[in-house]
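A.B. asks: One predicted model, sequence on top.
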Amino acid sequence: MSKPNICILGAGFAALTAVRELRKRSADVRITLIAPRPEFIYLPSLIWIPTGLRKGDDLRVALEPFFSRHAVDYVRASVTGVSDGGRRVHTDSGEYRNDALLIASGGRFIKKLPGIEHAITLCEGIPAAERIRERILAMDRGRIALGFGGNPNEPSAMRGGPMFELLFGLERWLRRQKRRDRIELTFFNAAAEPGRRLGEGAVKSLLAEMGRRRIDTHLGHKPLRFSESGVDTDAGHIEADLILFMPGLTGPAWLGDSELPASPGGFVKADEHCSVEACERVFVAGDAGSYPGPDWLPKQAHMADLQARAAAQNLLATLAGQAPRATPKPELICIVDSYDAGMLVYRSPRRSFMLPSSRVLHWSKRYFESHYLKAIR
């Protein structure tokens, strides 16, 4: 009898965690991983490239050794669709069948605002982070406008944390360079209290920190368009020489042409076990999915890892004819870094708390990065 073939889409946090979890629990399955490139990018540390604390190669890991260690068959391709109830994956290099499917291909940014080409999106990857650094190094004076957006059909599908970190990190770095008096910073957001998913106490602390650092704010006003001269909102114009903007998230581009159920925000719709609704042996983990849970459920690497572990366990259970039982714990853990210090924010269904900014937390974030990358390398 041939080994069951598990197909994983993606090569990010959720995908690699799923590989490790599957191999930890079973050597008797075949794993096929489909992704455009055999590399992993440690996205949380992109915030440090503009300020020079990291270079691109520090965060880029070639995955061939990882695939070899975990006996993964890698397919270099981009997914174009899924059919036959998830058993058939269509790509730009052919068609691949499977006995079980785990979707971990991540989300994508909603780039619909007019003039979005005038803004740089940090989390698009290393080239974007390097562009930000080049632009700021070339600035003698002026204004940088920073903000983030959401998905109107799925409000939790946003990534605001990195923008707070980029904002505070740049402010601290510019002061160290003695350029802060010549370069102004403005933070803008459609919400009057941005970052509410972090908790009410964290929002108040972040806004107070902006005030203490003399960061201008333009809050509660919807961005309408970007241009070479700045940001237009429904309350006026923010003049800016550089716009750094994180759009809201939606699901994979191929989802609309597949047979899989989609959420209102365009994500793969899953239940509490990360199982895709109305599909047999199809699971999703990470930013590609929409999950039941609290409205603050984060789109972050830590949550993707928790979902991937549960999805891998449930996938193996279904292959063995058992019902899925594992559920990922809803949990938000974030160190909001500011170049040389950090503030810890924690939230779960039972409790939430924050620890004030300290150098220890900054170094804890750096240590975790090193520990995580070592396990993959």
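C.D. replies: The structure has been received and is ready for your questions.

A.B. asks: ok, now which ones touch the residue nearest the centre of the chain?
C.D. replies: The centroid of the chain falls nearest to Q300 when counting by Cα atoms, centre = their mean (4.9 Å). Taking Cβ atoms under 8 Å, 6 or more residues apart in numbering as the criterion, Q300 is in contact with 159, 161, 332, 334. Heads up, the C-betas are built off the backbone N, CA and C, glycines and all.

A.B. asks: let's see 10 Å
C.D. replies: 13, 43-44, 159, 161-162, 197, 286-287, 331-334 (Cβ atoms under 10 Å, 6 or more residues apart in numbering).

A.B. asks: what does G150 give?
C.D. replies: Per Cβ under 10 Å, 6+ apart, neighbours of G150: 110, 156-160, 189-191, 194, 246-249, 265.

A.B. asks: Repeat that for S258.
C.D. replies: S258 is in contact with 79-83, 86, 88-90, 103, 252, 268, counting by Cβ under 10 Å, 6+ apart.

A.B. asks: Next one: it from K112, what distance?
C.D. replies: 22 Å (Cβ to Cβ, to the nearest Å).

A.B. asks: and what of R131?
C.D. replies: Distance of R131 to K112, given as Cβ to Cβ: 21 Å.

A.B. asks: repeat for G230
C.D. replies: 19 Å.

A.B. asks: Repeat that for V82.
C.D. replies: For V82 relative to K112 (Cβ to Cβ), the value is 25 Å.

A.B. asks: my guess is T233 contacts A240, does it?
C.D. replies: No. Counting by Cβ atoms under 10 Å, T233 does not reach A240; the two are 11.8 Å apart.

A.B. asks: Between those two, which contacts overlap?
C.D. replies: Taking Cβ under 10 Å, 6+ apart as the contact rule, T233 and A240 both touch F188.

A.B. asks: When those two are compared, which one has more neighbours?
C.D. replies: For the pair T233 and A240, the greater number of neighbours falls to A240 (24 against 20), based on other Cβ atoms under 10 Å.

A.B. asks: Isn't the more buried one up against E184?
C.D. replies: Yes. At 8.9 Å, A240 counts as touching E184 under the criterion of Cβ under 10 Å.

A.B. asks: for the closest residue to T17 other than its chain neighbours, what are its contacts?
C.D. replies: Excluding its sequence neighbours, the residue lying closest to T17 (Cβ to Cβ, 6 or more residues apart in numbering) is A308, at 3.9 Å. A308 sits next to 8, 10, 12-22, 102, 104, 274, 283-286, 328 when contact means Cβ under 10 Å, 6+ apart.

A.B. asks: what do you get if the cut-off is 6 Å, keeping everything else the same?
C.D. replies: By Cβ atoms under 6 Å, 6 or more residues apart in numbering, the residues touching A308 are 14, 17-18, 285.

A.B. asks: after the helix or strand in which it is found comes which helix or strand?
C.D. replies: According to DSSP states H and E, A308 maps onto helix 301-319. Counting by DSSP H and E, the element after helix 301-319 in chain order, helix or strand, is strand 332-337.

A.B. asks: Contacts for the very next helix or strand once past that next one next, please.
C.D. replies: Where DSSP H and E defines the elements, the next helix or strand beyond strand 332-337 is strand 342-347. Here strand 342-347 makes contact (Cβ under 6 Å, 6+ apart) with 198-199, 202, 332-336, 353-355, 357, 361-362, 365.

A.B. asks: could you redo the last one with a cut-off of 7 Å?
C.D. replies: Residues from elsewhere that reach strand 342-347 (Cβ atoms under 7 Å, 6 or more residues apart in numbering): 198-199, 202, 205, 296, 332-336, 352-358, 361-362, 365.
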